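>>> 3D model of this:
(2 chains)
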Amino acid sequence: MSNKVVQAMYNDDDILMDAVKEVRAANYHIEEVYTPFPVHGLDKAMGLKGTRIAITAFMYGCVGLVFSVWMMNYMMIEQWPQDIGGKPSFTFIQNMPAFVPIMFEMTVFFAAHLMVITFYMRSRLWPFKEAENPDPRTTDDMFVMEVIVDGNEDELIAFLEKTGTVEIKVTEKH
Amino acid sequence: MYTFSSKLKTLSLALMIIGLLGVGYGFLSAPASVDEVKVLLQESHNAHGEVAAAADHGTAESGDAAQSEDAHAEHVYHLLKNKPWSALYVALFFFFMISLGTLAFYAIQHVSQAGWSVVLFRVMEGITAYLPVGGVMLFVFFVLSATQNHLFTWMDPEVVANDVLIQNKAGYLNVPFFLGRAAIYILGWVLYRNYARKLTLAQDASTDLSNYRKLFKSSAAFLVFFLVTESMMSWDWIMSLDPHWFSTLFGWYVFSSLIVSAITTIALVSIYLKGKGYLEFVNNSHLHDLAKFMFGFSIFWAYLWFSQFMLIWYANIPEEVTYFVTRFNDYKVPFLGMVVLNFVFPLLILMNSDFKRVPWFIVTAGIIVLIGHYIDIFVMIMPATVGDQWFFGISEISSVLLVLGIFIYVVFNAMTKAPLLAKGSPFIKESEHFHY
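Residues are numbered from 1 along each chain as shown, chains lettered A, B, ... in the order given. The predicted model follows:
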């Protein structure tokens, strides 16, 4: 199977959105869309599955909460109880109100950092990774839609030309 | 145009009648004299069994103890006398605060020039229609408080004569000034409410935006007025029940309760009207936004609840901690239970984005949030007025029913007065097409 794709460029996000809808309605397969900024509603128009990152965020938050409970219990109750302001440090529950800010911060910390790391891993992004976008102009003012060619190159190009594109390129996808 | 269905009207009238009977019963069944309380106390001692009685007799030998028992009976008598009044006060304040919070939310929408919420303006205006009615009832209640009951102990000259702390505050806490302030708050809020209502109705008919500009300016001015008066209202109407105690974030704490109850009520009324087929322009994105506010302000409430508690707990200054000591000793279940209802429950049930679009989820969460915030007000007011003599009895329930009946009647009656779509607002198209 060939990895040939057609790259259609657009210079406006509204035109791009309409084009995405038309291409999908005509049953062509959109491989990827590169945009200089997040386009609202593009994921829905492309028919991408909803993100599950919210679920992971909840789970990471729970992990952070549990970790902070364990950590504060170990530090302040078991290992080295300290008398701060005359507050009882004999049991966790008695001293719990003082730990709530830490429990909250740890929940947020775990959720935020692990969510970002998860996002990078799922997007296959890491330091020094070479950029995947096909044209440097997609970081500035151009939008590129990649459509897979399935033995219908001429027909596809003719179709895409009617969708308001400003430039069309046929290329091999690695 | 909305028509007030006869079913709902009957329901509200029935609630009022049942409530009124219950409230009347509550006042009549309050003990009439200290002797009656002594009998009551003796009966409850007997009911508690031999052990308690034996312990009591052990200490009741000396004359001192008998005297202190008399003092105790008199104290309980005053608390029980306060109970029907307090129950009525909690209910009056609760529904008034829903209306007031809605007015604040409504003004915020105008000042921020929000587009999404325009389709809900008439619902909000309906809810704020309760403001003048509730305001008058509260004011009458305060006037009666000065003479008929002992909710506000600083209103009693005998108490003040023996209390240096209250004497020092007498410049602020005195009956004429208190009533004057209450009148200013209520008048100011009602004035803005009626002015804004007049302007949005005029905007529907007009061709230019002059009404809209006036609305924007008056809303901004109202928010400044509201920010100051809401804070002072919370000191006057609630914090002064414990005249020795103070908390610097009390105004915010009351505000958080007020705004979350208000948004919940807007959501519930909108869902009800939509279910009846009146708000076809309200889509699930609007409900989603309301549910987001419910979720967010529930967390905001928990944040303030905890901030107030932790700072006082940590500092451990006797005159401040008494507030929480009473609540932990006598009100443990409602005091900690409301944290579950107002924070844990909405947090878990409204966290998922999809659930926020499902009406029955919002209704379930909303009812629980409203119950939780009723308990919140209950725990703010009751410990100071009825102490350890509280229970959810006929007085409490029927007070809620009575005021709920009036609230439903006034709100839905006001809804029939104008079309449910504020079609003159410049943002109406944005709101109708609001989609997320």
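>>> what packs against the helix or strand hosting residue B:35?
Per DSSP states H and E: residue B:35 is located in helix B:34-47. If you count contacts as 3 or more Cβ pairs under 8 Å, 6 or more residues apart in numbering or on different chains; DSSP states H and E, helix B:34-47 packs onto helix B:50-59, helix B:63-111. (C-beta placed from N, C-alpha, C; glycine too.)
>>> pLDDT (mean, whole number) over the shortest one?
Spelled out, that is helix B:50-59. The pLDDT scores in helix B:50-59 average 46.
>>> now do the last one
Along helix B:63-111, the predicted confidence averages to a pLDDT of 88.
>>> next one: that helix to chain centre, how far?
On the basis of Cα atoms, centre = their mean, to the nearest Å, helix B:63-111 sits 10 Å off its chain's mean C-alpha point.
>>> Keeping just the C-alphas, turn the next helix or strand after that helix into PDB.
As assigned by DSSP H and E, the chain's next helix or strand after helix B:63-111 is helix B:121-128. Output of helix B:121-128 as PDB, limited to C-alpha atoms (Å, rounded to 0.1, in the frame of the first residue of the first chain):
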ATOM      1  CA  PHE B 121     -32.400  36.300  31.800                       C
ATOM      2  CA  ARG B 122     -36.200  36.000  32.200                       C
ATOM      3  CA  VAL B 123     -35.700  33.000  34.400                       C
ATOM      4  CA  MET B 124     -33.300  34.900  36.600                       C
ATOM      5  CA  GLU B 125     -35.700  37.900  36.700                       C
ATOM      6  CA  GLY B 126     -38.500  35.600  37.800                       C
ATOM      7  CA  ILE B 127     -36.400  34.300  40.700                       C
ATOM      8  CA  THR B 128     -35.400  37.800  41.700                       C
END
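>>> low pLDDT regions in chain A?
Scanning chain A for pLDDT under 70 picks out A:1-2, A:174.
>>> Look at residue A:8 and tell me its secondary structure.
For residue A:8, the assignment made with DSSP: H, G, I helix; E, B strand; the rest coil gives strand.
>>> Run a quick neighbour tally on it.
Neighbour count of residue A:8, defined by other Cβ atoms under 10 Å in any protein chain shown: 27.
>>> these two touch, right, it and residue A:147?
Yes - taking contacts as Cβ atoms under 8 Å, residue A:8 lies within contact range of residue A:147: 6.9 Å.
>>> Spell out which residues are contacts of both of the two.
Taking Cβ atoms under 8 Å, 6 or more residues apart in numbering or on different chains as the contact rule, residue A:8 and residue A:147 both touch residue A:160.
>>> circling back: could I get the helices and strands packed on helix B:34-47 in TSV, plus columns for distance to residue B:336?
Below are the helices and strands packed on helix B:34-47 laid out as TSV (distance: least, Cβ to Cβ, whole Å):
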stretch	distance to residue B:336
helix B:50-59	26
helix B:63-111	19
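>>> Going by the annotation, which residue ranges form each domain of chain A?
A:4-36+A:141-172, A:53-122 (automatic domain parsing).
>>> ok so residue A:141 is a strand residue?
No - using three-state DSSP, the assignment for residue A:141 is coil, not a strand.
>>> For it, list the residues it contacts.
A:11, A:36.
>>> Point to the residue nearest the middle of the chain.
Since you didn't name a chain, this refers to chain A. By Cα atoms, centre = their mean, chain A has its centre lying nearest to residue A:119, at 5.2 Å.
>>> Wait, chain B was what I had in mind.
Chain B has residue B:94 as the residue nearest its centroid, 2.2 Å off, counting by Cα atoms, centre = their mean.
>>> wait, it sits on residue B:373?
Yes - counting by Cβ under 8 Å, residue B:94 touches residue B:373, with 7.4 Å between them.
>>> joint contacts of the two?
With contacts defined as Cβ under 8 Å, 6+ apart, the residues shared by residue B:94 and residue B:373 are residue B:261.
>>> Look at residue B:399 and tell me its secondary structure.
helix.
>>> about what we covered before: got a list of what the residue nearest to the centre of chain B touches?
Contacts for residue B:94 (Cβ under 8 Å, 6+ apart) come out as B:261, B:373, B:374, B:377, B:400, B:403.
>>> now do residue B:411
The contact partners of residue B:411, by Cβ under 8 Å, 6+ apart, come to B:126, B:127, B:129, B:130, B:269.
>>> OK, now which residue of chain A is nearest to chain B?
residue A:97 (5.1 Å; Cβ to the nearest Cβ).
>>> So that residue: helix, strand or coil?
Here residue A:97 is recorded as helix under three-state DSSP.
>>> Tell me how many other residues crowd it.
15.
>>> quick one, what contacts it?
By Cβ under 8 Å, 6+ apart, residue A:97 lies in contact with B:306, B:309, B:310, B:313, B:314.
>>> what's the answer for residue B:305, then?
For residue B:305, the contact set (Cβ under 8 Å, 6+ apart) comprises B:253, B:256, B:339, B:342, B:343.
>>> confidence score at the second one?
On pLDDT, residue B:256 comes in at 96.
>>> What helices and strands are in contact with the host helix or strand of it?
Using DSSP H and E, residue B:256 sits within helix B:250-275. For helix B:250-275, the elements it packs on are helix B:63-111, helix B:121-128, helix B:210-237, helix B:284-315, helix B:359-385, judged by 3+ Cβ pairs under 8 Å, 6+ apart.
>>> Leaving out chain neighbours, which residue sits closest to the residue of chain A positioned farthest from its centre?
Distance from the centre of chain A peaks at residue A:86, with 47.1 Å (Cα atoms, centre = their mean). For residue A:86, ignoring the flanking residues on the chain, the nearest one in space by Cβ to Cβ, 6 or more residues apart in numbering or on different chains is residue B:316 at 7.0 Å.
>>> pLDDT score for that neighbour?
Looking at residue B:316, its pLDDT is 88.
>>> and stretch A:143-153, how far apart are its ends?
Terminal residues of stretch A:143-153 lie 21 Å apart, using Cα to Cα, to the nearest Å.
>>> quick one: contacts of that stretch?
With Cβ under 8 Å, 6+ apart as the contact definition, stretch A:143-153 has outside contacts at A:2, A:4-13, A:16, A:19-20, A:23, A:28-36, A:39, A:133-135, A:138, A:156, A:160, A:170, A:173.
>>> Next step: the residues you listed restricted to strands.
The strands, defined by DSSP state E, take in A:4-10, A:30-34, A:170 from the contacts of stretch A:143-153.
>>> and the nearest residue to residue A:142 once chain neighbours are set aside, how many neighbours does it have?
Spatially, and ignoring its direct neighbours in sequence, residue A:142 is nearest to residue A:9 (5.3 Å; Cβ to Cβ, 6+ apart). By the criterion of other Cβ under 10 Å, residue A:9 has 19 neighbours.
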